[in-house]
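Q: Quick one: sequence plus predicted model below, questions after.
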Amino acid sequence: MGAEESTAPTDMWPQPGCRQANDSERGPRPIAVACFASLGAILFVIARLVAHDGDITSFMRVGDEWIVEGAEEREDFALVGGIGYDGQYFYRQAINPLSTAVHVDGIPLDRPAYRSARITYPTIAWALSGGGQRELVPWVLPAINVIAIGAIGGVGATLARREGRTTWWGAVFAAWPGFIVGLGFNLAEPVAAALVLWGVLELRREHHWVAGVALSAAVLTRESALIVSAALVGVWLLRRVRFAGIPDRLVGTRLSKIHLAPMLAPPVAYLGMQWWMARRFPGDTAEATSQSATHLGNLPGAPLVRQLAEWVSSGSTVQLFQLVQVLGRWHFSSSLSSRH
């Protein structure tokens, strides 16, 4: 048998189909993590229903100052004080995702072009409720988010296993507090995150066009998912120009094989949706674009940069000094850790 060289993969990413010897030590199966995450979401839904006397419409947060005049006394909605919250708009869209009417079931849209561009979540609810049956929609909306949170746990566990980590990391993905808020208020964050993670998983499996479809659906759920697509295009560019000093360990051997065309699908889908919204709501397009830009501007670290600019412009030296202290202590502790 001689001195044949080993052909085992040496890159940092476990190869598809290769089962590691110690998989049994890396947590339960991803489907079990998905069920665990879904169970937590179901328990939250039950607790919220108990707190609101079993009224599922409490998840919608319909505002008594926003619902159409004359409908404040209706008994089929649990109204809250003020203008309500975004869940009421997803309910309205789930009744009829393509409606351009001023009111649907008594609920108007404050920014029609902006709200209607987030079409994935309410369209799924419309389909699962048999074409927007108003008795079913309030139940279907939180049910979709329960499934989405389970998918986040399951897909996150699958990604963790491929990295050689415990599958319980999937539960950490699903436990982000923002998903609980999204579940409690019928928001689109859980669905968008599940689609993003699915897209990343398909990229790792080298199913590039499937990944492009998943990420495009995520962008049409929440426009902030464009950040992921932009990052992937950036990775492609870095690898394409062979940027000096970017090792495979940083960018990822498998991610370096990204195909550009599928990664351009999400921004194309976003631009196509904006064009369609401009035709449907010509008077609202400018404000919708401004709102989308605001969400896209909330990049990681952006609030810190804005706060620093505010401190500098106001001459607030105390806060700047405290920040320097924190950074200095962090650097000192990191230096000590690296020596040991």
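A: Arrived safely. Residues are numbered from 1 along each chain as shown.
Q: so which strand or helix has residue 228?
A: helix 226-240 (DSSP states H and E).
Q: counting contacts, what elements does that helix pack onto?
A: For helix 226-240, the elements it packs on are helix 189-204, helix 208-219, helix 248-251, helix 260-280, judged by 3 or more C-beta pairs under 8 Å, 6 or more residues apart in numbering; DSSP states H and E. Where you see a C-beta, it was placed from the backbone N, CA and C, and this is true even at glycine.
Q: The ones you listed: lowest mean pLDDT?
A: When the helices and strands packed on helix 226-240 are ranked by mean pLDDT, helix 248-251 comes last with a mean of 52.
Q: wait, residue 278 sits on residue 114?
A: No - at 11.7 Å, residue 278 and residue 114 do not qualify as touching, with contact defined as C-beta atoms under 8 Å.
Q: Settle it for me: which of those two has more neighbours?
A: The residue with the greater number of neighbours, taking residue 278 and residue 114 and applying other C-beta atoms under 10 Å, is residue 114; the counts read 23 against 16.
Q: Name the helix or strand for that one, please.
A: Once you assign secondary structure using DSSP H and E, residue 114 falls within helix 112-116.
Q: pLDDT averaged over that helix - what is it?
A: pLDDT averaged over helix 112-116 equals 86, rounded to a whole number.
Q: wait, what's in contact with the nearest residue to residue 229 once chain neighbours are set aside?
A: Take residue 229 and drop its neighbours on the chain: the residue closest to it by C-beta to C-beta, 6 or more residues apart in numbering is residue 266, 4.0 Å away. Contact partners of residue 266, counting by C-beta atoms under 8 Å, 6 or more residues apart in numbering, are 212, 215-216, 218-219, 225-226, 228-229.
Q: swap in residue 159?
A: With contact set as C-beta under 8 Å, 6+ apart, residue 159 has these partners: 169-170, 197, 200-201, 204.
Q: repeat that for 7 Å
A: Contact criterion C-beta atoms under 7 Å, 6 or more residues apart in numbering gives 200-201 as the residues in contact with residue 159.
Q: do the same with residue 171
A: For residue 171, the set of contacting residues under the criterion of C-beta under 7 Å, 6+ apart consists of 33, 36-37, 153.
Q: related to what we said a few turns ago, going by neighbour count, which residues in the helix holding residue 228 are buried?
A: For helix 226-240, a neighbour-count test (16 or more other C-beta atoms under 10 Å) marks 226-229, 232-233, 235-236, 239 as buried.
Q: how far away is residue 55 from residue 200?
A: Residue 55 sits 37 Å away from residue 200 when distances are taken as C-beta to C-beta, to the nearest Å.
Q: between these two, which one's more packed in?
A: Neighbours were tallied for residue 55 and for residue 200 using other C-beta under 10 Å; the higher tally belongs to residue 200 (19 against 15).
Q: what is the orientation angle of the longest helix belonging to the chain with helix 189-204?
A: Of all the segments assigned as helix in the chain under DSSP state H, the longest by residue count is helix 137-162. Between the axis of helix 137-162 and that of helix 189-204 there is an angle of 30 degrees, by axes from the mean of the first three to the mean of the last three C-alpha atoms, to 10 degrees.
Q: for residue 104, phi and psi?
A: According to degrees, to the nearest 10, the main-chain angles of residue 104 amount to phi -130, psi 120.
Q: For it, name its beta-bridge partners.
A: Bridge pairing for residue 104 (DSSP bridges) gives the partners residue 107.
Q: Am I right that it is in contact with residue 95?
A: Yes - using C-beta atoms under 7 Å, residue 104 is in contact with residue 95, at 5.3 Å.
Q: which stretches of the protein aren't confidently modelled?
A: Counting by pLDDT under 70, the ranges of the chain that qualify are 1-25, 68-76, 240-258, 283-308, 310-340.
Q: Pull the residues that contact stretch 208-226.
A: The set of residues external to stretch 208-226 that reach it, using C-beta under 7 Å, 6+ apart, is 118-121, 188-189, 191-192, 195-196, 198-199, 202-203, 228-229, 259, 262-263, 265-267, 269-270, 273, 292, 295-296.
Q: Tell me which residues touch the residue nearest to residue 197 when sequence neighbours are not counted, please.
A: Nearest in space to residue 197, with sequence neighbours left out and distances taken as C-beta to C-beta, 6+ apart, is residue 155 at 4.3 Å. For residue 155, the contact set (C-beta under 7 Å, 6+ apart) comprises 194, 197-198, 201.
Q: Include distance to residue 63 when you put those residues into TSV, please.
A: Shown next, in TSV, are the contacts of residue 155 (distance: C-beta to C-beta, whole Å):
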residue	distance to residue 63
194	28
197	32
198	33
201	38
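Q: Of these, which is the most crowded?
A: The most neighbours of any of the contacts of residue 155, using other C-beta under 10 Å, belong to residue 194, which has 29 neighbours.
Q: need the contact list for that one.
A: Contacts of residue 194 by C-beta under 7 Å, 6+ apart are 148, 151-152, 155.
Q: Make a PyMOL selection of the buried ones in those residues.
A: Entered in PyMOL, the line below selects the buried ones among these, by 16+ other C-beta under 10 Å:
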select buried, resi 148+151+152+155
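Q: Export the contacts of residue 194 to a markdown table and append columns for distance to residue 28.
A: Compiled in a markdown table, the contacts of residue 194 are given as follows (distance: C-beta to C-beta, whole Å):
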| residue | distance to residue 28 |
| --- | --- |
| 148 | 20 |
| 151 | 16 |
| 152 | 16 |
| 155 | 15 |
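Q: Appreciated, that's everything.
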